[in-house]
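> Predicted coordinates and the sequence they were generated for:
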Amino acid sequence: MRGDIERILIDEEIIEKRLDVMAAEIERDFPQGNLLVIILLKGALVFAADLLRRVPRQLELECLNVSSYHGGTESSGVVNFLDRSFPEVRGRHVLLLDDILDTGRTLHAVAERLRTEGAEAVHTCVLLAKERPREEEVNADYTGFVIGDEFVVGYGLDYQGRYRNLPFVGVLTLDAIERGGA
Ligand code: IMP
Ligand code: MG
């Protein structure tokens with residue numbers, strides 16, 4: 001798996017230091033009580049686990065399954081909600097966690113849905129934000145790292161379902177992309 005990585009973009013130590021800062025900001029910004037964190041699966045799983053263990057306050061957790069990439073390296077443009085049910089968010093302060101802000105369609109669609117379902121406030125937090133124009137008007141309230149417009153894997157991010165368990169964020173070799181994650 002390590003051999004499929006062309007270049008490490010953000011190593012484990014740098015991610016950990018950044019998470020300390022982000023967690024302190026979240027701890028500072030949210031009033032006690034009523035915080036509901038929603039993790040977008042599967043990409044934000046690793047990030048959320050490491051971030052939330054640094055936030056020493058009462059909170060509740062929910063997860064949502066959405067898809068937009070369908071396995072390739074380009075966004076499909078359609079955001080699908082894959083769960084049968086939607087968490088109860090009425091009156092809640094929601095912090096939405098995702099792995100990466102790319103076209104912005106995912107965060108935009110989920111944040112809209114949360115508002116429609118009656119969330120009192122929706123805040124967004126991503127590990128990575130790609131420096132590129134967004135297809136939707138959306139911004140992250142908390143961003144770990146701004147990166148260039150290239151496809152990355154690791155630390156939760158996948159290519160065709162793989163590489164999520166790499167402890168760093170990296171760029172795949174052309175060969176690995178052409179093999180399709182096999
Ligand atoms: P957006 O809706 O285009 O902003 O894309 C957000 C989703 O696309 C993320 O939650 C990721 O699952 C996926 N994605 C976007 N860029 C990358 C990437 O570079 N590597 C892996 N997944 C990505
Ligand atoms: Mg994904």
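Yes, it's here. In this text, all values refer to a predicted model and were calculated from it rather than measured experimentally. Ligands and ions are numbered 1, 2, ... in the order given.
> Which residues are in contact with residue 81?
64, 65, 66, 113 (CB atoms under 8 Å, 6 or more residues apart in numbering). Where you see a C-beta, it was placed from the backbone N, CA and C, and this is true even at glycine.
> All the strands of the chain, residue numbers only.
Counting by DSSP state E, the chain has strands at residues 5-10, 35-41, 60-67, 80-81, 93-101, 121-130, 142-147, 169-172.
> Could you pull up the mean pLDDT of the last one?
Looking back up the chat, that one is strand 169-172. Per-residue pLDDT over strand 169-172 has a mean of 98.
> Return the distance of it from the chain's centre.
Strand 169-172 has its C-alpha centroid displaced from the chain centroid by 16 Å (CA atoms, centre = their mean, to the nearest Å).
> what about the closest residue to residue 45 other than its chain neighbours, neighbour count?
Once flanking residues are discounted, residue 45 sits nearest to residue 156: 5.5 Å by CB to CB, 6 or more residues apart in numbering. Burial measure for residue 156: 26 neighbouring residues, criterion other CB atoms under 10 Å.
> Phi first, then psi, for residue 156.
phi 110, psi -30 (degrees, to the nearest 10).
> Need the pLDDT of it.
Per-residue confidence at residue 156 stands at 98 (pLDDT).
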